[in-house]
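Sequence and computational prediction follow.
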Amino acid sequence: MGTTQLETVPEPKYWHLRTVLSEALDSEFSVGEILPNERDLAARFGVARATLRQALEQLELEGRLQRRRGVGTTVAPPRMGVSVGTTQHAWPGGPHDAWQTLDCAPEVPPAAVAETLVTGRDEPVHVVRRSRVSHGQPVAAELLYIPADSVPDLSGIDAPAGTARARAVLRELQRLELERQENAVELGSARADDARELDRLPGAPVLVVTTRFIARGRTAALSVATYRADTCRLTFGDSGGVEIHHGPERRAS
């Protein structure tokens, strides 16, 4: 990482430094690599540590850097685009689904979920837990709520819980004819369990994507997916899947 003269540029020093650091991230560093400490970086670029911190904070906001407790500042993985405007629909667990299935168990869902699924307030549903990983780091966690009448032929499945049960539930769900799916997105804060799964602090910003899967004129399944806001951004289009972005201003081809 070379030095650069920052005294003569008309823009704020931290913004120019942000540009220089961003170019260095593209050319000299790999995903997950730890940056030199602030003292060394400030000395190399001839700036005050306060200026350096402003530049690093800006790159963190853009998703280029991550600050990890006990590790330091690392190069962030490519941003994951969450496609919410697609006209292409598919059941969870299909052949092009990149989510990892973790577990499944019968649970009574939150009241709002039960209302959407039109199930009884105390009626258990199948809850499938899944995760998304990019460059070895967790970027999203999903709870998929499936009422029993959407998968009525599970009585012959021996596994009462776990990954095998989850896969069986998803296979049965795919027997239904999917009519459409509806997405809603909101900015939220990571709950304790979400933060633990996503390797973030409780209260960290997240994107919550709620998807209703409609079959036979009703909600056959409801997905609540929580994405790390620092590694994801919304995309709109007909891709039908998750797109990978390599930086705040560039999109992978």
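Received the coordinates, thanks. Numbers count the residues shown, from 1 in each chain.

Quick one: find the helix or strand in the protein with the lowest mean pLDDT.
strand 243-245 (a mean of 39; mean pLDDT, DSSP states H and E).

tell me how far the ends of stretch 103-113 are from each other?
Here the two ends of stretch 103-113 are set 19 Å apart, with distance taken as CA to CA, to the nearest Å.

Could you check it and say which residues are buried?
104, 109, 113 (16 or more other CB atoms under 10 Å). Glycine gets a C-beta too; all of them are placed from N, C-alpha and C.

contacting residues for the first one?
Meaning C104. 126-129, 161-163, 165-166, 169 (CB atoms under 8 Å, 6 or more residues apart in numbering).

try the last one
V113 makes contact with 125, 145, 222, 224, according to CB under 8 Å, 6+ apart.

what's around the residue nearest to the last one when sequence neighbours are not counted, how many residues?
Setting aside the residues directly before and after it, V224 is nearest to L143 in space (CB to CB, 6 or more residues apart in numbering), at 4.9 Å. Using other CB atoms under 10 Å, the number of residues around L143 comes to 19.

List the strands paired with the helix or strand where L143 lies, with their directions.
Using DSSP states H and E, L143 sits within strand 137-146. Applying DSSP bridges, strand 137-146 is found paired with strand 125-134 (antiparallel), strand 218-228 (antiparallel).

counting contacts, what elements does the following helix or strand past it pack onto?
Following strand 137-146 in sequence order, the next helix or strand is helix 162-173 (DSSP H and E). In terms of contacts (3 or more CB pairs under 8 Å, 6 or more residues apart in numbering; DSSP states H and E), helix 162-173 is packed against strand 100-107, strand 125-134.

and the angle from helix 162-173 to strand 100-107?
80 degrees (axes from the mean of the first three to the mean of the last three CA atoms, to 10 degrees).

Dump the C-alpha coordinates for helix 162-173 into PDB.
What follows is helix 162-173, C-alpha atoms only, in PDB (Å, rounded to 0.1, in the frame of the first residue of the first chain):
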ATOM      1  CA  GLY A 162     -33.100 -32.200  12.600                       C
ATOM      2  CA  THR A 163     -31.800 -31.800   9.100                       C
ATOM      3  CA  ALA A 164     -33.500 -34.900   7.700                       C
ATOM      4  CA  ARG A 165     -36.800 -33.700   8.900                       C
ATOM      5  CA  ALA A 166     -36.200 -30.300   7.400                       C
ATOM      6  CA  ARG A 167     -35.400 -31.700   4.000                       C
ATOM      7  CA  ALA A 168     -38.400 -33.900   4.100                       C
ATOM      8  CA  VAL A 169     -40.700 -31.000   4.900                       C
ATOM      9  CA  LEU A 170     -39.200 -28.900   2.000                       C
ATOM     10  CA  ARG A 171     -39.700 -31.800  -0.400                       C
ATOM     11  CA  GLU A 172     -43.300 -32.200   0.600                       C
ATOM     12  CA  LEU A 173     -43.900 -28.500   0.300                       C
END
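
Alpha carbons of whichever helix or strand comes after it, in CSV - could you do that?
Downstream of helix 162-173, the first helix or strand assigned by DSSP H and E is strand 180-189. Included here for strand 180-189 are C-alpha records, laid out as CSV according to Å, rounded to 0.1, in the frame of the first residue of the first chain:
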residue,chain,number,x,y,z
ARG,A,180,-46.9,-16.5,-6.4
GLN,A,181,-44.7,-15.1,-3.6
GLU,A,182,-44.9,-11.7,-2.0
ASN,A,183,-41.9,-10.0,-0.4
ALA,A,184,-41.7,-7.2,2.2
VAL,A,185,-38.5,-5.7,3.5
GLU,A,186,-37.7,-3.6,6.5
LEU,A,187,-34.7,-2.4,8.4
GLY,A,188,-34.4,-3.8,11.9
SER,A,189,-32.1,-4.5,14.8
